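Chemist: build me a structure from this.
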Amino acid sequence: MAVVSLEGAVVTSGGYPLLAGVDLVVEAETLTVATGPNGAGKTSLLRLLGGLVGLSAGRASVCGIDLAGGDRRALRRRVGWLGHEGSFYDELSVRENLVFAARALGRPTSSIDAALERVGLVGRADTAARRLSAGQRRRLGLAWLLVRRAELWLLDEPYASLDDEGRDFLDALLADVVAAGATVLVSAHDPLRSARLAPRTLAMAGGRVVADRAGGSR
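Modeler: Numbers count the residues shown, from 1 in each chain. Here you go, the predicted model:
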């Protein structure tokens, strides 16, 4: 079963179309990147799939849940959203944030140490989130997705401002996540350059998908 299925999906805000009729099917255990300039609809697409904005017209389902009238709480238990800042409690430590997230979703806290190790934050486990750099906060967000065992990862511009080491780290993590059974959608201004990843690439403009290149194409 497709993880994402959109038919003529429209999202509006103040009468302005953020998505202007998107048709899209995303199969499980795949990596898809939505590309395009600011205002193309990339973030709106991810926010729709995460249940953060409502569907104005068309049909849409994510993880088998109808976005027009389904249970958004159930959706958010299965989908992980990571924006630019991440939704953390700044006064809590890195570990405390992950414990809180795990308990809120009924996930085992025993997975926290492995997640911290995977994202390179073991040495910051007791650091308050407000003291983390932007790059470290992004890594905390990725650890949060690992701990909550999201079926669908929605990452908004995760490569922005990363150096080569950071890009290599994220490439490796996404490859591992997909291999472990998750589905990943990423927004980016440009197609991914990594030789390790060969994602399906959607070009967006004006709230529509204007080109769709299959994964593995060069």
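Chemist: from here on, just use CA atoms for contacts and neighbour counts.
Modeler: OK.
Chemist: mean confidence score for stretch 120-132?
Modeler: Across stretch 120-132, the average pLDDT comes to 95.
Chemist: helices and strands around the helix or strand harbouring residue 201, which ones?
Modeler: Assigned by DSSP states H and E, residue 201 belongs to strand 200-205. When contacts are defined as 3 or more CA pairs under 8 Å, 6 or more residues apart in numbering; DSSP states H and E, strand 200-205 sits against strand 31-35, strand 208-213.
Chemist: among the ones you listed, which is the most enclosed?
Modeler: By mean neighbour count, with neighbours taken as mean count of other CA atoms under 10 Å, strand 31-35 ranks first of the helices and strands packed on strand 200-205 at a mean of 25.
Chemist: go ahead and name everything in contact with the lowest-mean-pLDDT helix or strand in the chain.
Modeler: The helix or strand of the chain with the poorest confidence is helix 72-78; it has a mean of 83 (mean pLDDT, DSSP states H and E). For helix 72-78, contacts defined as CA atoms under 8 Å, 6 or more residues apart in numbering pick out 50-51, 62-63, 65, 105, 149-152.
Chemist: looking at these, which one is closest to residue 32?
Modeler: Nearest to residue 32 out of the contacts of helix 72-78 is residue 152 (CA to CA; 11.1 Å).
Chemist: show the model's pLDDT score for residue 69.
Modeler: 80.
Chemist: which positions within the least confident helix or strand of the chain qualify as buried?
Modeler: 72, 75-78 (16 or more other CA atoms under 10 Å).
Chemist: out of the contacts of helix 72-78, which one has the weakest pLDDT?
Modeler: residue 105 (85).
Chemist: coming back round to it: identify the farthest-apart pair in the buried residues of helix 72-78.
Modeler: Taking CA to CA as the measure, the buried residues of helix 72-78 have their most distant pair in 72 and 78, spaced 10.0 Å apart.
Chemist: now residue 42: how far from residue 182?
Modeler: 20 Å (CA to CA, to the nearest Å).
Chemist: who has more neighbours out of those two?
Modeler: Neighbours per residue, other CA atoms under 10 Å: of residue 42 and residue 182, the larger number sits with residue 42, 30 against 20.
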